[in-house]
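Trainee: structure for this input, please:
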Amino acid sequence: MATSAMTLDETVAFLDAAFPQMHHGGRSYHLVGVGPSRATIRMDHHARHLRPGGTVSGPAMMALADYALYAAILASIGPVALAVTTSLNFNFLRKPGPTGLVAEARLLKLGRRLAVGEVAITAPDSEDLVCHATGTYAIPPER
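Mentor: From the prediction side, this is the model:
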């Protein structure tokens, strides 16, 4: 059975130290679960995440998905700050109302140099996908 390289508390502490800008203007992203090859992040409802028309903006969902995928990778390989996004693809499936969102990230492949994963974003009170994202990260070689 696979184990995580970092606990939830360790992953949160690392993300807060390495990326304090994610909480600029107040904390709205909350890492609520990690495990082998997975992570769950909740994004609070906030006016800064909305676009005209009152729906959550694409950039807010993009940040949420990227952050969730990065957290899943960290939880699996440990505190590697220089793992970087090499590609992200988004399919916006439904317009979410002015609500918080939940991102469930799952790694599909974790190699020595690349990690590939997917993220399902939903509203907290629905199982219907709002956005589906896939992404690839480059993992730096050990030094």
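
Trainee: from now on I want contacts and neighbour counts done on CA atoms only, so please keep to that.
Mentor: Fine.

Trainee: which parts of the chain are strands?
Mentor: Using DSSP state E, the strands of the chain run over 29-35, 38-43, 84-92, 101-110, 114-122, 129-138.

Trainee: quick one: which of those is nearest L8?
Mentor: Nearest of those to L8, taken as CA to CA: strand 29-35 at 5.6 Å.

Trainee: which residues make contact with the closest one from outside it?
Mentor: Defining contact as CA atoms under 8 Å, 6 or more residues apart in numbering, one finds that strand 29-35 is touched by 3-4, 7-8, 12, 22-23, 39-44, 64, 68, 71-72, 75-76.

Trainee: re the thing from before, which of the strands of the chain sits closest to A18?
Mentor: Here strand 84-92 is closest among those (CA to CA), at 12.9 Å.

Trainee: now the angle between strand 114-122 and the closest one, please.
Mentor: 30 degrees (axes from the mean of the first three to the mean of the last three CA atoms, to 10 degrees).

Trainee: can you pull the contacts of the closest residue in space to A75 that isn't next to it in sequence?
Mentor: Ranked by CA to CA, 6 or more residues apart in numbering and with sequence neighbours excluded, the top spatial neighbour of A75 is M6, at 4.7 Å. M6 makes contact with 74-79 under the criterion CA under 8 Å, 6+ apart.

Trainee: can you pick out the most distant pair from the residues you listed?
Mentor: Most distant of the contacts of M6, by CA to CA, are S76 and P79, 9.2 Å apart.

Trainee: more crowded one of these two?
Mentor: S76 (23 against 18; other CA atoms under 10 Å).

Trainee: let me know whether the more buried one touches E10 as I believe.
Mentor: No. Using CA atoms under 8 Å, S76 is not in contact with E10; the gap is 11.9 Å.
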